[in-house]
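Asker: Sequence and predicted model, in that order:
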Amino acid sequence: MNRCCNKLLLKNLNFLQCLNSNLTQKDYRVLSTIVQYSLFDKHKITFNEQTRHLSRDIPKKHQKTGHKSAKNNNTTSSNSRLNGITKNNANQKENAKDSSDIFKPLEVKPITNIEEDIGFELGGKLEKSEINKVLINFRQDEKVLILAQEAGLNSRMFNDVLLSFRRFCLQSKALPPDLHIKLSDIIKKAAKENDLLPYFLKHAHELFPHLHCMEDLKHISDLTEPSFWYLETREMKRKIIYHAGPTNSGKTYSALKRFQESTSGIYCGPLKLLANEVYIKTNNSGRTCDLVTGEERKFGGEDGKPSDHMACTVEMVNLEKNYEVAVIDEIQMIRDQQRGWAWTRALLGIKAQEIHVCGDISASDLISDLSFLTGDEFELKSYDRLTPLTIMDKSLESYDNVEPGDCFVCFNKNDIYNVLNNLEARGHEVAVIYGSMPPGVKLSQAARFNDPNDKCKILVATDAIGMGLNLNIRRVIFYSLRKVQLKENKIDGDEKDSSEIENITTSQALQIAGRAGRFNTAFKDGFVTTFKISDLPVLKDILKQPLEKTTRAGLHPTAEQIELFAYHLPNHSLSDLIKIFMSICKIDSGQYFLCNFGEIAYLAEMIDHIPIKLRAKYTFATSPINRKQTFVCSCFVKFVRYYSNNEIVTDEILKKMIEWPFKIPQNVNEVAHLESVYDVLDLYLWLAYRFPDIFTYIEEVKLMRIELERIIYEGVKNISILNQSGNSTRHLMRRHKRIENQNMSQITNMFTFNNNNNNNQMKQLITENKVKSNSPIEQTTPIKLDKIVFSNLISKKDQKIEELNRSDEESKSDKVDEAAMKSKYRKLVDYLNISKSVGDKQKKKKGDRITIGNKEISSKNENLDNNASYKNTLKELIENGTIEMSLKGITKNEAKTKSDLKNSNEKDNLSLAIKKILETKT
Ligand SMILES: Nc1ncnc2c1ncn2[C@@H]1O[C@H](COP(=O)(O)OP(=O)(O)OP(=O)(O)O)[C@@H](O)[C@H]1O
């Protein structure tokens, strides 16, 4: 019986999900009536009861069948979790947030056109002052307030309705006869004030039409039983194998082995890079495999036909096809505030006999619980790291202690530039990787760092290295432990305050640290430490903590649900519909959460005024763009306009829109802009697979993307210089001039070409001055040469120029630009910091005595940080030059800098800068 009801329910839900995108208003009405009739009205009570039974029954069923293996594999005792499930189901609660503010009252006009006034004929004339009195008494009746609340009116809405109702009663030339008679009876004391309530509520429904359909809206937005959403999948016998282990433990390797052995399979990864890697590996292993990401489709079969294996990003999972094996990678991301829903959907909906989920152990209990609910068998396989990872007892403290294979991890771009400046000032070649970089550029940077023959041995990166890249890292150095963390979803979609800067979590720390000493790479042993001495105990503490349990899975409404909302609330914009959905949807908050909709609501708001069908608008609103990138957002709106006008966005239109072509970037802002442009090209491709009639120039845009990647790569190679140029154009111009003034013939003589023709061509171009130095401040346009030959030549030429720079004493001082100087000043101030100057590891306390230069300062009765006498003395010492005498322990590089400084008036700048820093500190 339960099974039967379950199927009926699922069929209805499936039916909702199958709605066609081209439905007219009439279609909606018809379909919605059917759905409401079958699902909500006719069977409402039965279904609710049956689903309650189901959720009680399912755990029992599991205990009998598939979960023996889970027990055998030391999963958490099922009993406690079963209790948890039942409790969670019992605790299902509606989102508490009041949604009334989203519903805007419509206008109900008083009746002015009358032919006859039946009410007047039957009940006599009504005095306005009497009507007013009745309404005042009505307002004060407590019963009325309670009943109105029960009818869905909160106090704000109640007041709105009362004002409108009063206006209607007082300004209408004739009232509806029944209302007229009721008012007349009340005035004559033949009835009570609260007898007006039905008339009042009728008026309320006209003012707030959603009150009519609130129950329906609640049913449509009921997300309490996602495990019942995929009827065909539920009919399958599935086995979920959870591969749990830290990074670099070989868990994905084992899962992928099964994927490649299978007759048909699907791999769902968190990143395009990972999907691409699996696609390449599988095809290389002799098994054809397709690649499907939001922006790309590649078919591995003969003549470009789809094959039986597919690697995709998790959002692109195919829930229609049957597979023997599915792999869902990084399953702990099911808790991700933005993307978690995609893992939930893949886990609950994939039609595969074996589902291999890989991730850290934190989500194993949740996945086990969800498989109880879906009736799937569950097995846990645990893995240990393949190589040792040691937390060091010493922090790095100085850039002079860097070694080949070091990777600095920063959590913002400023820190990246700071580290880069310092490393490059010491002559290191550095690769850099951060999140907004195009994937191809990330791969090139990773290849540079991994190449044993490349001089680049140090990597500076954000936590973007945590996933998807194979890197030969020996030691991970956390430059900082503070990161902007996205907080749990705000129900009204307002994301403004939903992020905070906090220490990284244990899971994040492990994911990043785990990159050190990767199995099968140059470094067998991995090490992890911090840059700052004060961070090391914090890191140790973070890594010591148990992994935060993943207790809830993300959910997301479907386009169909939003469409049904639109049918019920035709006067509301898409962004309002999303907000209303979020505010009234029901969710089992014990196991699920609603993913962050701020981004979608925001994009929806941006295009709400453009006339396109709701389904298309919703698809546009789910575009994978970052709303903080204004350039991308403006192109996004333009794309929607083209769609609205049914106009094809050609490559020429696109080029004009993004102001193609581009020069090699001259500063970091330009790099960032080009990265935004890359995102626009990505957006075009993403839209091309959703609106192929409008965004048709896929191949052309792909080529543009490749070219742009090359340009960005050239920029990123010089990113620290570009950053300095952002800070000091003066410095850049000096460098520019110097390179320009190099004797061109001297440079050409330095090239050693294997190919004489190329050599001659290049020489010719250089002599004709058609090819210039490829420094970041110039653009070099290949005129006659083949692109690859040209870029080889240019890179050789660049290398030579860089070598020249390095051997050139003047260029050394040039490299110490403002930003690098600043960091050196800070270092000097650090050095002069009281605790260091006396060689203490501990911070000085009240009463300690300290020495700077030849002066002794007492910190008696004062906190040293605020010790005015210390600061004054320091200033004095700077001014009279003593401080330079007391600088010991500085590196060779710095000694050079110092002598450079001594010989120039920069010394004064040093004093000034230190003073400035001290003033800021004060
Ligand atoms: N049995 C094995 N034989 C050969 N290589 C292996 C084996 N197990 C793992 N590797 C290699 O070790 C590296 C790490 O393995 P894998 O990617 O599976 O780790 P993981 O636990 O999934 O970690 P992460 O989540 O960091 O990717 C990969 O390069 C993989 O190819």
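Answerer: Perfect, thanks for sending it.
Asker: okay, CA-based contacts and neighbour counts for the rest of this
Answerer: OK.
Asker: Show me where the stretch 551-700 of the chain has its helices.
Answerer: In the stretch 551-700 of the chain, the helices defined using DSSP state H, counting those that start in this stretch lie at 559-568, 574-584, 598-607, 614-621, 630-644, 651-658, 668-688, 698-717.
Asker: ok, the residue in the chain positioned nearest to the ligand - contacts?
Answerer: Residue of the chain nearest the ligand, by CA to the nearest ligand atom: Gly250 (3.2 Å). Under the criterion of CA atoms under 8 Å, 6 or more residues apart in numbering, the contact list for Gly250 reads 383, 385-386.
Asker: Can you add secondary structure and distance to the ligand and give those residues back as a markdown table?
Answerer: Formatted as a markdown table, the contacts of Gly250 follow (DSSP: H, G, I helix; E, B strand; the rest coil; distance: CA to the nearest ligand atom, whole Å):
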| residue | secondary structure | distance to the ligand |
| --- | --- | --- |
| Tyr383 | coil | 8 |
| Arg385 | coil | 7 |
| Leu386 | coil | 7 |
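Asker: Check these for burial and list the buried ones.
Answerer: For the contacts of Gly250, a burial check counting by 16 or more other CA atoms under 10 Å picks out 383, 385-386.
Asker: List the buried residues for stretch 302-312?
Answerer: So for stretch 302-312, counting by 16+ other CA under 10 Å, buried means 306-312.
Asker: ok, now stretch 390-410?
Answerer: 390-391, 395-396, 402, 404-410.
Asker: Which of those fall in strands?
Answerer: 390-391, 406-409 (DSSP state E).
Asker: Please tabulate these in JSON lines, including the columns pLDDT and distance to the ligand.
Answerer: Below are these laid out as JSON lines (pLDDT from 0 to 100; distance: CA to the nearest ligand atom, whole Å):
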{"residue": "Thr390", "pLDDT": "95", "distance to the ligand": "16"}
{"residue": "Ile391", "pLDDT": "96", "distance to the ligand": "18"}
{"residue": "Asp406", "pLDDT": "97", "distance to the ligand": "18"}
{"residue": "Cys407", "pLDDT": "97", "distance to the ligand": "16"}
{"residue": "Phe408", "pLDDT": "97", "distance to the ligand": "18"}
{"residue": "Val409", "pLDDT": "97", "distance to the ligand": "16"}
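Asker: out of those residues, who's nearest Tyr230?
Answerer: Nearest to Tyr230 among these is Val409, at 41.7 Å by CA to CA.
Asker: Pull the contacting residues for that closest one.
Answerer: 460-463, 476-480.
Asker: Quick one: these as CSV, columns for neighbour count too.
Answerer: Output for these, formatted as CSV (neighbours: other CA atoms under 10 Å):
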residue, neighbour count
Val460, 24
Ala461, 25
Thr462, 23
Asp463, 21
Val476, 26
Ile477, 24
Phe478, 28
Tyr479, 25
Ser480, 20
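Asker: Go through the residues you listed and flag which are in strands.
Answerer: Short answer: these in strands (DSSP E) are 460-461, 476-478.
Asker: coming back round to it: which one of the contacts of Val409 is nearest to Tyr242?
Answerer: Asp463 (24.9 Å).
Asker: show me what contacts that closest one?
Answerer: 409-411, 434-435, 512.
Asker: Downstream of the strand or helix carrying Ile186, the next helix or strand is which one?
Answerer: In this assignment (DSSP states H and E), Ile186 forms part of helix 177-187. Beyond helix 177-187 on the C-terminal side, the first helix or strand identified by DSSP H and E is helix 197-207.
Asker: So what angle separates the directions of whichever helix or strand comes after that following helix and helix 197-207?
Answerer: Next in sequence after helix 197-207, counting helices and strands by DSSP H and E, comes helix 210-220. Angle between the axes of helix 210-220 and helix 197-207 is 70 degrees (criterion: axes from the mean of the first three to the mean of the last three CA atoms, to 10 degrees).
Asker: Let's test this: mean pLDDT of the very next helix or strand once past helix 210-220, rounded?
Answerer: Later in the chain than helix 210-220, the nearest helix or strand by DSSP H and E is strand 222-223. Taken as a whole, strand 222-223 has a mean pLDDT of 92.
Asker: could you say what helices and strands the next helix or strand after strand 222-223 packs with?
Answerer: Toward the C-terminus, strand 222-223 is succeeded by helix 231-234 as the next helix or strand (DSSP H and E). Applying 3 or more CA pairs under 8 Å, 6 or more residues apart in numbering; DSSP states H and E, we find helix 231-234 packed against helix 2-17.
Asker: that older thread, flag whichever of the buried residues of stretch 302-312 scores worst on pLDDT.
Answerer: The minimum pLDDT among those falls on Pro306, with 91.
Asker: So which of the helices of the stretch 551-700 of the chain is the most surrounded?
Answerer: helix 574-584 (a mean of 23; mean count of other CA atoms under 10 Å).
Asker: Hmm, which of the contacts of Val409 is lowest in pLDDT?
Answerer: Asp463 (90).
Asker: separation between that residue and Asn470?
Answerer: 14 Å (CA to CA, to the nearest Å).
Asker: And for Arg641?
Answerer: 41 Å.
Asker: Next: Ile542.
Answerer: Distance from Ile542 to Asn470, by CA to CA: 25 Å.
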